[in-house]
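> Pasting the sequence and the predicted model now:
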Amino acid sequence: MNSHVNAADTLKSDLYVDNVLSSFAHEMDALTYFRKARDMMTTAGFNLRSWMSNSTRLRELAEAEGCLDNDTLTKVLGMRWHAVTDDLSYAPRDIPAIENATKRSILQYSSRIYDPLGLLSPVTVRAKILMQEIWKEKIDLDIPLSSNFQEKWKSHAEDFNEVTTISFPRRYFHHADDKHTSHHEADDPPIMYVFVDASIQAYGAVAYLCKGRESSLVMAKNRVAPFKTLTLP
């Protein structure tokens, strides 16, 4: 096994409360890390258990040592990770298109969507714009909204329920392995491109990571425009 994997430093940087989330460019590095991290934590009296990986070899090793997470889907910082297919997805959320929606109920249901990477921004920003429009009307929290707002919320609720069923690859590049790329492409560092745009209702930014002939969406952010009217620049 490779000896250059520094398990101590990796644990320090990848520890989130009682979870460790690590990633390695090569499968052998992950296997080395598994052995070193397990031994190190055992020495300190801690059992680093419930391992899951997209590596079949690592899963088999963890199963042999009785520390494999048997759940098909693993929770990772609010997201769901399917290790075998190496895809991330959203936790299911029932966003009802309720009748007689109020400002309180729209706040309650729209906040159920947890999207740390902002990949659902084209949908979530519409709910933010709707809430801003409702706030401008100075409507009380529990007063049923007008039919115009009711129809808008029903449309948003349908979109929320649809987009949260999608999944996306965890890794940025499918062919990052040397056996799938040329020597020149393997040596090329990835380049990040950030695009920004604005309208009178909202503004946002999106980042893509590109390497060779592949590109991948990294994350996005959006904000509604402030109450005070500004020019587009």
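Yep, that arrived. From a predicted model like this one, the values you see are computed outputs, not experimental measurements. Numbers count the residues shown, from 1 in each chain.

> Tell me where the model's unsure across this protein.
By pLDDT under 70, the low-scoring segments of the chain are 1-3, 175-187, 232-233.

> The residue positioned nearest the centre of it sits in which helix or strand?
Centrality entry for the chain: nearest residue to the mean C-alpha point is residue 117, 4.7 Å, by CA atoms, centre = their mean. Using DSSP states H and E, residue 117 is not contained in any helix or strand.

> what's the closest non-adjacent residue to it?
residue 219 (4.3 Å; CB to CB, 6 or more residues apart in numbering). The way it works is simple: take the backbone N, C-alpha and C, and place the C-beta from them, glycine included.

> Can you identify each of the strands in the protein by residue range?
15-16, 19-20, 73-76, 79-82, 87-89, 167-169, 191-198, 202-211, 214-224 (DSSP state E).

> ok, residues contacting the second one?
Contact with strand 19-20 is made by 11, 14, 37, 48, 76, 77, as judged by CB atoms under 8 Å, 6 or more residues apart in numbering.

> let's go with 6 Å and repeat that
The contact list for strand 19-20 (CB atoms under 6 Å, 6 or more residues apart in numbering) reads residue 14.

> That strand: partners in the sheet, and parallel or antiparallel?
strand 15-16 (antiparallel) (DSSP bridges).

> Ok, the third one next?
According to DSSP bridges, strand 73-76 has the following sheet partners: strand 79-82 (antiparallel).

> go on, the last one?
When pairs are called by DSSP bridges, strand 214-224 turns out to pair with strand 202-211 (antiparallel).

> Show me which positions of the partner strand end up buried.
For strand 202-211, burial by neighbour count (16 or more other CB atoms under 10 Å) applies to 202, 203, 204, 205, 206, 207, 208, 209, 211.

> Against residue 48, how distant is residue 40?
Separation of residue 40 from residue 48 (CB to CB, to the nearest Å) stands at 8 Å.

> Now do the domain split for the chain, please.
7-70, 73-170, 172-224 (automatic domain parsing).

> so how far is residue 65 from residue 76?
Taken as CB to CB, the span from residue 76 to residue 65 is 22 Å.

> now swap in residue 217 and tell me
Separation of residue 217 from residue 65 (CB to CB) stands at 36 Å.

> Serialize the domains of the chain to JSON lines and add fields for distance to residue 231.
Formatted as JSON lines, the domains of the chain follow (distance: least, CB to CB, whole Å):
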{"stretch": "domain 7-70", "distance to residue 231": "42"}
{"stretch": "domain 73-170", "distance to residue 231": "18"}
{"stretch": "domain 172-224", "distance to residue 231": "9"}
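
> Could you point out which of the ones you listed sits nearest residue 230?
Nearest to residue 230 among the domains of the chain is domain 172-224 (8.2 Å), distances taken as CB to CB.

> Look at the closest one and report the distance between its end residues.
Taking CA to CA, to the nearest Å, the first and last residues of domain 172-224 lie 29 Å apart.

> before we move on, the earlier item: give the full set of residues in contact with the residue nearest to residue 117.
117, 118, 207.

> any idea how far the second one lies from residue 27?
It stands for residue 118. For residue 118, the distance to residue 27 - CB to CB - is 30 Å.

> Just want to know which of these two has more residues nearby.
The neighbour comparison of residue 118 against residue 27 (other CB atoms under 10 Å) goes to residue 118, with 19 against 15.

> Distance check, the more buried one against residue 133.
21 Å.

> for residue 74, same thing?
Taking CB to CB, one finds residue 74 at 39 Å from residue 133.

> same question, residue 40
55 Å.

> Equivalent analysis for residue 36, please.
55 Å.
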